[in-house]
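K.L.:
dropping a prediction and its sequence here:
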Amino acid sequence: MKFTPVIGLEVHSQLKTQTKIFCSCSTAFGSPPNTHTCPVCLGMPGVLPVLNKKVVDYTIKMALATHCTVQKESRFARKNYFYPDLPKGYQISQYELPIATDGHLDLEINKQALRIGITRIHMEEDAGKLMHDPDRPVSRVDLNRAGVPLMEIVSEPDIRSPEVAGEYLRRLRAILRYLDISDGNMEEGSFRCDANVSIMPEGSTNFGTRTEVKNLNSFKHVEKAITYEIARQKEILLDGGEVIQETRLWQPDKGRTVSMRGKEDAHDYRYFPDPDLLPLVIDDQWIAGMQSQMPELPAQRRERYITELGLSSADAAVLTGSRALSDYFEACLCLLNNPKLVTNWIMGDLLGLLNARGLKINHSPISPEKLVGLLELLGKDVISGKIAKTVFEAMAETGLPAKTIVEENELVQVSDSSAIDPIIDAIINDHPEEVKRYQGGQKKLMGFFVGQVMKQTKGKANPKVVNEMLQKKLG
C-alpha cells in the first residue's frame, strides 16, 4: 500500500528589533542570564504592555513579500499554559484575528513549479529558556528571551516531501534576510520550525492523524525528521495500528523522533482577547509606506539574473540564495559589466575558497573590488587564466591586490611572439615522434604541445598566441 505525505510547517522567526515586543528591554543574544528583564517581561502585577511599532512594520513587510492580505484590524490574545519559562502563565499571541492571512510562496524544484499556501502570519512574544544542569537534577530559568518579538508563519498542508519542506524553509529564510527583518540564525534559535506530519493512502483526499515534530534547528534536521516520521507512521498503519496525535521530539544524535506529550488543540490553551492591548488598526497609508521600503526580493532577482544577465537558472538560484552573496555579486557587476565571467569566478574559485575555510561571504578575504581587479588583468591579457588562479590564491593569503602580486612576482603574461618562438622551436625539435603523430591526424596532441610551452614559460605565455604559433609551425 502506498501513502502520500502531508506536511505543514510552523516557522517562528525572531525579528531584528533592538527591544522586546512589549517593553524596552534589549533583545541582544548571549548576555548573562536574566539581565535583560523588567517588570513587564517578568509578568509582575500591575504592569501594562506597550506594542513595539517596529514589530508591526517588519511583519507587514513579510506579509507583502509572501502575497498575504494585511488585515486592517487584528487583535492580540492570551494563550494560557503553565510552564516555568512563562512568567505570566500566558503568552501574548494572536489567534482569531491575525495580522496577515491567505498568502503563498512559489518554489521550483526539479523544474516543477510548486505553490505552498500560507495560512496566516501573526506576532507573538517568546518565552524564556530552561537550562538543565547536566550534573544535578536542577533546572534554571533564563528570562532574557521572554518577550522577544516573534513572527509565526503557518503554511497550508501543501508540502508532500521532506525535500520540498527544506526548500520552502530556505526560501522563507532568504526572504527574511533580504528584508533585513531577521538574521535567520537557526543555531541561536532566531529561526525555528515545527513540522506537522501525517500520511494518507495514495489517491485519498482525507488527511491522516498528524503529529507535531519539534527541536528542528537545521534544514537537514527538518528533512531527516520528516523522513523518519513518515516511515514511522507508515509502519504503524501497515501493521494495523493507529497514529496518535501527539507532539514528538527529534533526537538528531539517534536519528529518530520520540513522544514528548499529547498534542494540544486550540481550546486547550483557552485563548481570549488580551484586555491590556487595544485592537491593532492598520490603514492603507501604513501599508503603502512599508511597500515603498520593499527591496528586490530573491525571486525577482533570480528572474532578472536569468532574463537580463543571461545566467542559468541553477547559477541564479545559488547567487540569490543569500542576500550577502547576491550583494557581493551586484558589487562586482557595478565595477565590471561581465556577468558570466564574474559568476564563474564567484561560483567556482571564491565559493570553493570560502567552503574550504568555513567562511561566510561577508567574511571573504577577497573583496569585490579585489576580485574585479584580478578579472580586469585577466580580461586585458596581462595575465593568463592559469596565472590568475595562482594570483587568486595569493590574494586570499596576503590580502594584497592582484596588480601588486603580479608586479612583485613578475607574472605578466608573455604575448610577444619573438620571445615565445625559440621555446616552441626547441619543443618541436625535442619531440619529433609527437610532431609526426600530430601531422598524421592526431590533432588532440595540440594540447600536449601547448602544455609543454606553458611549462617552459611557467604559465606566463599567452595560450591564444601559443596556439596560433603552434598551428602555423606544425601545419
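P.N.:
Here it is on my side, so go on. Numbering: from 1, shown residues only.
K.L.:
can you name the next helix or strand after the strand ranked longest in the chain?
P.N.:
For the chain, the longest strand by residue count, based on DSSP state E, is strand 112-125. Downstream of strand 112-125, the next assigned helix or strand under DSSP states H and E is strand 129-132.
K.L.:
for that next one, the distance to its chain's centre please.
P.N.:
28 Å (C-alpha atoms, centre = their mean, to the nearest Å).
K.L.:
okay, domains of the protein per the record?
P.N.:
Annotated domains of the chain cover 3-288, 294-408, 417-474 [automatic domain parsing].
K.L.:
tell me the mean pLDDT over the one helix or strand Glu163 maps to?
P.N.:
Here Glu163, judged by DSSP H and E, is contained in helix 162-179. Average pLDDT, helix 162-179: 96.
K.L.:
packing partners of it?
P.N.:
Counting contacts by 3 or more C-beta pairs under 8 Å, 6 or more residues apart in numbering; DSSP states H and E, helix 162-179 packs against strand 3-14, helix 53-65, strand 100-109, strand 112-125, strand 191-201, helix 219-238, helix 298-307, helix 323-335. (Each C-beta comes from the backbone N, C-alpha and C, glycine too.)
K.L.:
using JSON lines, lay out these together with mean neighbour count and distance to Ser139.
P.N.:
Formatted as JSON lines, the helices and strands packed on helix 162-179 follow (neighbours: other C-beta atoms under 10 Å; distance: least, C-beta to C-beta, whole Å):
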{"stretch": "strand 3-14", "mean neighbour count": "21", "distance to Ser139": "22"}
{"stretch": "helix 53-65", "mean neighbour count": "21", "distance to Ser139": "29"}
{"stretch": "strand 100-109", "mean neighbour count": "17", "distance to Ser139": "36"}
{"stretch": "strand 112-125", "mean neighbour count": "19", "distance to Ser139": "21"}
{"stretch": "strand 191-201", "mean neighbour count": "22", "distance to Ser139": "20"}
{"stretch": "helix 219-238", "mean neighbour count": "18", "distance to Ser139": "24"}
{"stretch": "helix 298-307", "mean neighbour count": "17", "distance to Ser139": "40"}
{"stretch": "helix 323-335", "mean neighbour count": "18", "distance to Ser139": "37"}
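K.L.:
of the ones you listed, which approaches Val138 most closely?
P.N.:
The closest of the helices and strands packed on helix 162-179 to Val138 is strand 191-201. By C-beta to C-beta, the value is 25.3 Å.
K.L.:
each with direction, which strands does that closest one pair with?
P.N.:
Note on strand 191-201: by DSSP bridges, its sheet partners are strand 3-14 (antiparallel), strand 211-216 (antiparallel).
K.L.:
okay if I get those strands as TSV plus mean pLDDT?
P.N.:
Below are these laid out as TSV (pLDDT from 0 to 100):
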stretch	mean pLDDT
strand 3-14	96
strand 211-216	91
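K.L.:
next, format those strands as CSV and append distance to Glu156.
P.N.:
What follows is the strands paired with strand 191-201, written out as CSV (distance: least, C-beta to C-beta, whole Å):
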stretch, distance to Glu156
strand 3-14, 6
strand 211-216, 16
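K.L.:
so which of the ones you listed is nearest Ala299?
P.N.:
Closest approach to Ala299 among the strands paired with strand 191-201 (C-beta to C-beta): strand 3-14, 17.8 Å.
K.L.:
circling back: can you flag the weakest of the domains of the chain by average pLDDT?
P.N.:
Among the domains of the chain, domain 417-474 has the lowest mean pLDDT, at a mean of 85.
K.L.:
that one spans what distance, first to last residue?
P.N.:
Its start and end residues considered, domain 417-474 measures 16 Å (C-alpha to C-alpha, to the nearest Å).
K.L.:
Lys79 and Gly147, how far apart?
P.N.:
Taking C-beta to C-beta, to the nearest Å as the measure, Lys79 falls 14 Å from Gly147.
K.L.:
quick revisit: how many degrees apart are the longest strand of the chain and strand 3-14 in direction?
P.N.:
Here strand 112-125 runs at an angle of 40 degrees relative to strand 3-14 (axes from the mean of the first three to the mean of the last three C-alpha atoms, to 10 degrees).
K.L.:
need the contact list for Cys332.
P.N.:
Contacts for Cys332 (C-beta atoms under 8 Å, 6 or more residues apart in numbering) come out as Val342, Ile346, Pro368, Leu371, Val372.
K.L.:
ok, the first one touching Leu333?
P.N.:
Yes - using C-beta atoms under 8 Å, Val342 is in contact with Leu333, at 6.3 Å.
K.L.:
right, and Tyr58 touches Met151 too?
P.N.:
Yes - at 7.0 Å, Tyr58 and Met151 qualify as touching, with contact defined as C-beta under 8 Å.
K.L.:
who touches both of these two?
P.N.:
Leu15, Ile181, Ser182.
K.L.:
kindly reformat those as TSV containing neighbour count and distance to Gln293.
P.N.:
Formatted as TSV, those follow (neighbours: other C-beta atoms under 10 Å; distance: C-beta to C-beta, whole Å):
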residue	neighbour count	distance to Gln293
Leu15	23	15
Ile181	24	11
Ser182	22	16
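K.L.:
Gln452: which of these is nearest?
P.N.:
Comparing the shared contacts of Tyr58 and Met151 against Gln452 with C-beta to C-beta places Ser182 closest, at 56.4 Å.
K.L.:
please report how far that closest one lies from Trp286.
P.N.:
From Ser182 to Trp286 the distance is 20 Å (C-beta to C-beta).
K.L.:
just the C-alpha atoms of the helix holding Glu163, please, in CSV.
P.N.:
This file holds the C-alpha atoms of helix 162-179, laid out as CSV (Å, rounded to 0.1, in the frame of the first residue of the first chain):
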residue,chain,number,x,y,z
PRO,A,162,10.9,16.4,3.0
GLU,A,163,12.9,17.9,0.1
VAL,A,164,10.1,20.4,-0.6
ALA,A,165,9.9,21.2,3.1
GLY,A,166,13.6,22.0,3.2
GLU,A,167,13.4,24.2,0.1
TYR,A,168,10.4,26.1,1.4
LEU,A,169,12.3,26.9,4.6
ARG,A,170,15.4,28.0,2.7
ARG,A,171,13.3,30.4,0.5
LEU,A,172,11.4,31.7,3.5
ARG,A,173,14.6,32.4,5.4
ALA,A,174,16.1,34.1,2.3
ILE,A,175,13.2,36.5,2.2
LEU,A,176,13.5,37.3,5.8
ARG,A,177,17.2,38.1,5.3
TYR,A,178,16.6,40.2,2.1
LEU,A,179,14.0,42.2,4.0
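K.L.:
buried residues in it, which are they?
P.N.:
For helix 162-179, burial by neighbour count (16 or more other C-beta atoms under 10 Å) applies to 162, 164-179.
K.L.:
next: stretch 387-394.
P.N.:
Ile387, Ala388, Lys389, Thr390, Val391, Phe392, Ala394.
K.L.:
just give the nearest non-adjacent residue to the second one, would you?
P.N.:
Residue nearest to Ala388 in three dimensions, not counting chain neighbours: Leu378, with 4.8 Å by C-beta to C-beta, 6 or more residues apart in numbering.
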